[in-house]
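>>> no FASTA, just this:
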Ligand SMILES: [Fe+2]
């Protein structure tokens, strides 16, 4: 991975967290089901915590991006979570999350030592999301345990 690709992958990760925070925040606000709302609020916190970790890289490489479009897309898809229903959303998310974990791991593998802390957190948070989805689909009540562990680190 050359430097240009590395920075473009960091930007992909950063804008993904901006998007994800808006997505889960919107779903938390719109959900009538209190449990769904509570879970989405925790996931929104995890996205925000990940973005805060990535801020060091945004600063270091002077990365710029347009918040608005990612927030707007996140809000739209956050409303869709509620329209579509929780179970169906988990099935959909489950199809995509593995690829995102792989892509983030590849980014971490290509990172210089001093960037690895933020990117380790990025990978860990996506694995916590994958765990959450897997547990939700299995009907477990412990689905947020990995997310809570990570949030305690912040
Ligand atoms: Fe995320």
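Done, it's in. For clarity, every value in this text was computed on a predicted model and none was experimentally measured.

>>> what parts of this protein come near the ion?
The chain has residues 17, 20, 47 near the ion, with proximity defined as CB under 5 Å from the ion. (C-beta placed from N, C-alpha, C; glycine too.)

>>> which pLDDT does the model give the residue in the chain that the ion sits nearest to?
In the chain, no residue comes nearer to the ion than residue 20, which is 4.1 Å away by CB to the ion. Note on residue 20: pLDDT of 98.

>>> so which elements touch the host helix or strand of it?
Element membership for residue 20 (DSSP states H and E) is helix 3-30. With contacts taken as 3 or more CB pairs under 8 Å, 6 or more residues apart in numbering; DSSP states H and E, helix 3-30 sits against helix 34-60, helix 67-84, helix 86-109.

>>> please name every helix or strand in contact with the last one.
The helices and strands touching helix 86-109, judged by 3+ CB pairs under 8 Å, 6+ apart, are helix 3-30, helix 116-137.

>>> let's have those helices in TSV, adding mean neighbour count and distance to residue 110.
Output for the helices and strands packed on helix 86-109, formatted as TSV (neighbours: other CB atoms under 10 Å; distance: least, CB to CB, whole Å):
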stretch	mean neighbour count	distance to residue 110
helix 3-30	19	6
helix 116-137	20	9
